[in-house]
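Enquirer: Build me a model from this:
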Amino acid sequence: MMVMRPHNTDGGLSRGLLLLMSVATGLAVAGNYFAQPLLDLIGRELGIGSSRAALLVTAAQIGYALGLVLLVPLGDLVERRRLAMSLYGATAVFLLVSATAPNGMVLLVSTALTALTSVGAQVVVPFAATLAAPAERGRVVGTVMTGLMLGLLLARTASGALSELGGWRTVYWVTAILMALMTVLLRAFLPRLGGDSGDGRDGGGGGRQSYVGLLRSTAAMFRYEPLLRWRAGIGALSLASFSVLWTALTFLLAGSPYGWSESAIGLFGLAGVVGALTATVAGRLADRGYVQIVSGAGTVLLVASWPALAAGAHSLVLLLVGVIVLDLAHQAVLNSSQNVLYALRPEARNRINSAFMTSLFVGGAVGSALASAVWANSGWTGVCVLGATLSAGTLVLWLLERVTVARATGKPTKDVRNLVRTSTKGE
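Expert: Reported below is the predicted structural model:
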């Protein structure tokens, strides 16, 4: 039997534990997307109609946002293995409630609570970054984020398959069992890693903080870390562009000239897997000192993807190319930004992650809302103009960040070490 040690003999994270953490993040985030292709089925069985069933998506979004703000920062205050285990165990319990929900209200509440605790995935990501040797942090973060993105992208496909086998409740039963198993595995193999709530430079006053102080210092990260502000803006616009595509793509493929069924549209989402699998490559490049090249290339490719997507209104090949390029670009921007931010303050990684991911979530939600409104008024052409504009914003912000850093240091900045030195000086 293989022993899953937390570290290799050279001080890096072991492959077995890295795989476990990758699967854990993917499984946790997948639970928030299982209901989306099943809304009509759930609405009919519980007698609530498809429109009320759609509130499950809103409940999941609200729950996840609250979890990012209220729970993820706790990783800097409490022992991190216990926090991860608690969140995963709670998610398993809430999934069981969803599986046995007698009515729509119970399912709505359990969905919100499942999403709230599913942010355990965002505790595991900085956990992995902390366990990794500095020289391999980019690869480790990229690998864990690959697991997270695969969970997000494959959730709908798995949900449809399981529901055909045994109904929509089967999806929740299976996921609950898997999350319970993951809780046991995390307890067995994650090392103990205590939290450290601050050094006084984040507005927390130094020493051990209270929970309220922890939340206050999370917000203060935006004040004390200029790079967090830049990367939060870049990430928010990138995810907004990503969300614009995936929100409006269903409308495009369901209408003329494609006229695809819901199952075919769901399978098209597998094209995003290609982009997710590039996260590890971006991480390896970051480890070699090319983090800014990865960021810049990602923002440029975001912009470049939209002409192909626009032409995809009448060409499946160009549409597929555009989807793959945009997903690849978004992963490059996300992974490089995480590598920049996780190098800033080791003792505050969870708070930085909370602030960054909350910004991304807001960007994604705004992108989805804008996509729906623009589609109704301007169709696919308007959607592509919107997506290209948001993507151009990521490029502009990245260029402005580079100019600001160059002025602060008096010379061009090429790697994470210089970025960190600049960020600690403030603006």
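Enquirer: Once you drop chain neighbours, what's closest to residue 250?
Expert: With sequence-adjacent residues excluded and distances taken as Cβ to Cβ, 6 or more residues apart in numbering, residue 250 is closest to residue 265, at 5.7 Å. (Each C-beta comes from the backbone N, C-alpha and C, glycine too.)
Enquirer: distance of the one you found from residue 383?
Expert: 16 Å (Cβ to Cβ, to the nearest Å).
Enquirer: Could you do residue 181 as well?
Expert: 41 Å.
Enquirer: what's the answer for residue 359, then?
Expert: Residue 359 is 23 Å from residue 383, by Cβ to Cβ.
Enquirer: Mind listing what's buried along stretch 287-303?
Expert: By neighbour count on 16 or more other Cβ atoms under 10 Å, the buried set for stretch 287-303 is 287, 290-292, 294-303.
Enquirer: quick one: which of those is nearest to residue 371?
Expert: residue 302 (15.3 Å; Cβ to Cβ).
Enquirer: Assign that closest one to helix, strand or coil.
Expert: Secondary structure for residue 302, judged by DSSP: H, G, I helix; E, B strand; the rest coil, is helix.
Enquirer: Give me the more crowded residue out of residue 181 and residue 383.
Expert: residue 383 (26 against 13; other Cβ atoms under 10 Å).
Enquirer: residue contacts, the more buried one?
Expert: Applying Cβ atoms under 8 Å, 6 or more residues apart in numbering to residue 383 gives the contacts 244, 245, 248, 371, 374, 375.
Enquirer: Of those, which belong to helices?
Expert: 244, 245, 248, 371, 374, 375 (DSSP state H).
Enquirer: Now render these as a markdown table, adding neighbour count.
Expert: Below are the ones in helices among the contacts of residue 383 laid out as a markdown table (neighbours: other Cβ atoms under 10 Å):
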| residue | neighbour count |
| --- | --- |
| 244 | 31 |
| 245 | 25 |
| 248 | 25 |
| 371 | 25 |
| 374 | 21 |
| 375 | 19 |
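Enquirer: Switch these over to a markdown table; also include pLDDT and distance to residue 16.
Expert: Compiled in a markdown table, the ones in helices among the contacts of residue 383 are given as follows (pLDDT from 0 to 100; distance: Cβ to Cβ, whole Å):
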| residue | pLDDT | distance to residue 16 |
| --- | --- | --- |
| 244 | 92 | 38 |
| 245 | 92 | 35 |
| 248 | 89 | 40 |
| 371 | 90 | 40 |
| 374 | 92 | 46 |
| 375 | 92 | 45 |
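Enquirer: Would you tell me which one of those residues comes nearest to residue 280?
Expert: Closest to residue 280, out of all of the ones in helices among the contacts of residue 383 and judged by Cβ to Cβ, is residue 245, at 22.5 Å.
Enquirer: correct me, but the closest one touches residue 309?
Expert: Yes - using Cβ atoms under 8 Å, residue 245 makes contact with residue 309 at a distance of 6.8 Å.
Enquirer: joint contacts of those two?
Expert: The contact lists of residue 245 and residue 309 share 323, 326, 387, where a contact means Cβ under 8 Å, 6+ apart.
Enquirer: Helix or strand for the last one, just tell me which one.
Expert: Following DSSP states H and E, one finds residue 387 within helix 349-409.
Enquirer: Ignoring the adjacent residues along the chain, who's closest to residue 75?
Expert: Spatially, and ignoring its direct neighbours in sequence, residue 75 is nearest to residue 350 (3.2 Å; Cβ to Cβ, 6+ apart).
Enquirer: oh, I was asking about residue 303
Expert: Nearest to residue 303 is residue 391, by Cβ to Cβ, 6+ apart, at 4.6 Å.
Enquirer: any idea how far residue 380 lies from residue 313?
Expert: Distance of residue 380 to residue 313, given as Cβ to Cβ: 5 Å.
Enquirer: and if you look at residue 179?
Expert: Distance, residue 179 to residue 313, by Cβ to Cβ: 40 Å.
Enquirer: Comparing those two, which residue is more hemmed in?
Expert: A count of neighbours by other Cβ under 10 Å puts residue 179 above the other of residue 179 and residue 313, at 28 against 18.
Enquirer: what's the domain layout of the chain?
Expert: 1-195, 216-427 (automatic domain parsing).
Enquirer: quick revisit: show me the common contact partners of residue 380 and residue 313, please.
Expert: With Cβ under 8 Å, 6+ apart, residue 380 and residue 313 have common neighbours residue 252.
Enquirer: give the contact list for residue 92.
Expert: Residue 92 neighbours (Cβ under 8 Å, 6+ apart): 176, 177, 179, 180, 183.
Enquirer: If I take the strand or helix carrying it and helix 349-409, what angle do their directions form?
Expert: Using DSSP H and E, the element containing residue 92 is helix 80-99. Per axes from the mean of the first three to the mean of the last three Cα atoms, to 10 degrees, the angle that helix 80-99 makes with helix 349-409 is 120 degrees.
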